[in-house]
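Asks: Let me see the structure of the following:
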Amino acid sequence: MDVDSERLRRHVVRLAARPRPGGSRELEAARDYFIDCFEAAGWSLERHRFVAECDGDSRLEGVNLVARHRQHPVTDGPRFCVGAHLDSRPDSPGADDNASAVAALLELARLLPKDWPSRPQLELELVAFDLEENGMLGGSEHARLMKSGGIDLRGMVSLEMLGYCDQRPNSQTLPEPLVGLYPDTGNFIAIIGNQNSGELIERFRGGMQRAEELPVECLQVPANGESLQATRLSDHSPFWDAGYSALMITDTSFLRNPHYHLPSDTPDTLDMPFLKRVSQGCFEAVRMLIADGL
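Replies: Numbers count the residues shown, from 1 in each chain. Predicted coordinates for the structure are as follows:
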């Protein structure tokens, strides 16, 4: 099964037509688009509404979209979760952040039912997180639900900015402790996990490397990444804090992409062949994990 690059492009263009911050009509329209695509691929979706406490006395209302395939419903077995945040910053259309990852999630939803393992060892749910740009609030809510419900969650993957690639030397910056340990050319995809995620890192890397011509780099941070705050900036970090194995798959965000959180984060800045390879790698890795378990 191959990812369709034209579908990826259409998804990104549709989602990144304008900014879609939390609580906006544009974000609700993006949800409707996401739901339509998922339902066409045979998935059932739950709108999980939540209220999150923010700084001071403020509260924000959010909606996570939680998808399970109608032919493979989630029961009480061991579970695996893959998600991407749907919201963007108020002043950015968010093509890379995070329409690129949502597009990859939409392709996973289309392809997986056509190539579902005959005897899956993990039950899969796909999630569109809300309010990531307000402090990973959607991820925090979903991690809370997993913990309070006693769910046997074997792993979680957050897809976070997947489509920016720069083949020029010195196009990749790195946090000071990592300088010299990773390439200085921004043409790789990164897999980042915490102290509890060693096996998940290796298994996901093995799947992603099935995609042709995709450089993959891995980082396992000590503890829950407190010493490298850039590694905590997505919906995986609340799962780390809750004690779960979790990964962030990323093109390294502001360490590579000069359009991060700016009005210039538009579809034309993305490398669609790179996004296709990354999406293919994610498909291979997720299918392998649900087939073989953790």
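
Asks: residue boundaries of the strands in the chain?
Replies: Using DSSP state E, the strands of the chain run over 43-53, 59-69, 79-85, 123-129, 153-160, 189-193, 216-220, 246-250.

Asks: Can I get those in CSV including mean pLDDT and mean neighbour count?
Replies: Heads up, the C-betas are built off the backbone N, CA and C, glycines and all. Output for the strands of the chain, formatted as CSV (pLDDT from 0 to 100; neighbours: other C-beta atoms under 10 Å):
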stretch, mean pLDDT, mean neighbour count
strand 43-53, 95, 15
strand 59-69, 96, 19
strand 79-85, 98, 26
strand 123-129, 97, 24
strand 153-160, 98, 26
strand 189-193, 98, 25
strand 216-220, 98, 18
strand 246-250, 98, 28
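
Asks: Now distance to residue 266 too, for these, in TSV please.
Replies: Shown next, in TSV, are these (distance: least, C-beta to C-beta, whole Å):
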stretch	distance to residue 266
strand 43-53	28
strand 59-69	24
strand 79-85	18
strand 123-129	21
strand 153-160	18
strand 189-193	21
strand 216-220	26
strand 246-250	19
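
Asks: just so I know, which of the ones you listed lies nearest residue 5?
Replies: Proximity to residue 5 (C-beta to C-beta) singles out strand 189-193 among the strands of the chain, at 16.0 Å.

Asks: That closest one - contacts with which helices or strands?
Replies: Judged by 3 or more C-beta pairs under 8 Å, 6 or more residues apart in numbering; DSSP states H and E, the packing partners of strand 189-193 are helix 198-208, strand 216-220, strand 246-250.

Asks: what's the angle between it and strand 246-250?
Replies: Counting by axes from the mean of the first three to the mean of the last three C-alpha atoms, to 10 degrees, strand 189-193 lies at 160 degrees to strand 246-250.

Asks: orientation of strand 189-193 relative to strand 216-220 in degrees?
Replies: Taking the same axes, to 10 degrees, one finds that strand 189-193 is oriented at 20 degrees with respect to strand 216-220.

Asks: Please identify which of the helices and strands packed on strand 189-193 is closest to residue 147.
Replies: With respect to residue 147, and counting by C-beta to C-beta, the nearest of the helices and strands packed on strand 189-193 is strand 246-250 at 12.7 Å.

Asks: What ranges does the protein have for its helices?
Replies: In the chain, the helices defined using DSSP state H lie at 5-15, 25-40, 101-111, 137-148, 198-208, 237-241, 272-292.

Asks: Need the ones you listed in CSV (columns: distance to residue 260, mean neighbour count and mean pLDDT).
Replies: Shown next, in CSV, are these (distance: least, C-beta to C-beta, whole Å; neighbours: other C-beta atoms under 10 Å; pLDDT from 0 to 100):
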stretch, distance to residue 260, mean neighbour count, mean pLDDT
helix 5-15, 16, 19, 98
helix 25-40, 19, 16, 98
helix 101-111, 14, 26, 98
helix 137-148, 19, 21, 97
helix 198-208, 23, 18, 98
helix 237-241, 18, 25, 98
helix 272-292, 16, 22, 97
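
Asks: Which one, of those, ends up nearest to residue 49?
Replies: Of these, nearest to residue 49 by C-beta to C-beta is helix 137-148, at 9.6 Å.

Asks: Report the distance from the closest one to the chain centre.
Replies: 15 Å (C-alpha atoms, centre = their mean, to the nearest Å).

Asks: change the start of the numbering to 18 and stick with it
Replies: Noted, 18 is the first residue going forward, which turns the last one into helix 154-165.

Asks: What are the contacting residues of it?
Replies: 65, 67, 69, 71, 77, 79, 81, 83, 98, 100, 102, 144, 146-149, 168, 170, 173, 175, 251-256, 258-261 (C-beta atoms under 8 Å, 6 or more residues apart in numbering).

Asks: what does stretch 55-72 give?
Replies: For stretch 55-72, the surrounding residues in contact (C-beta under 8 Å, 6+ apart) are 48, 52, 76-88, 90, 123, 126-127, 130, 143, 148, 151-152, 154-155, 157-159, 162.

Asks: now it, how far from the centre of its chain.
Replies: 15 Å.
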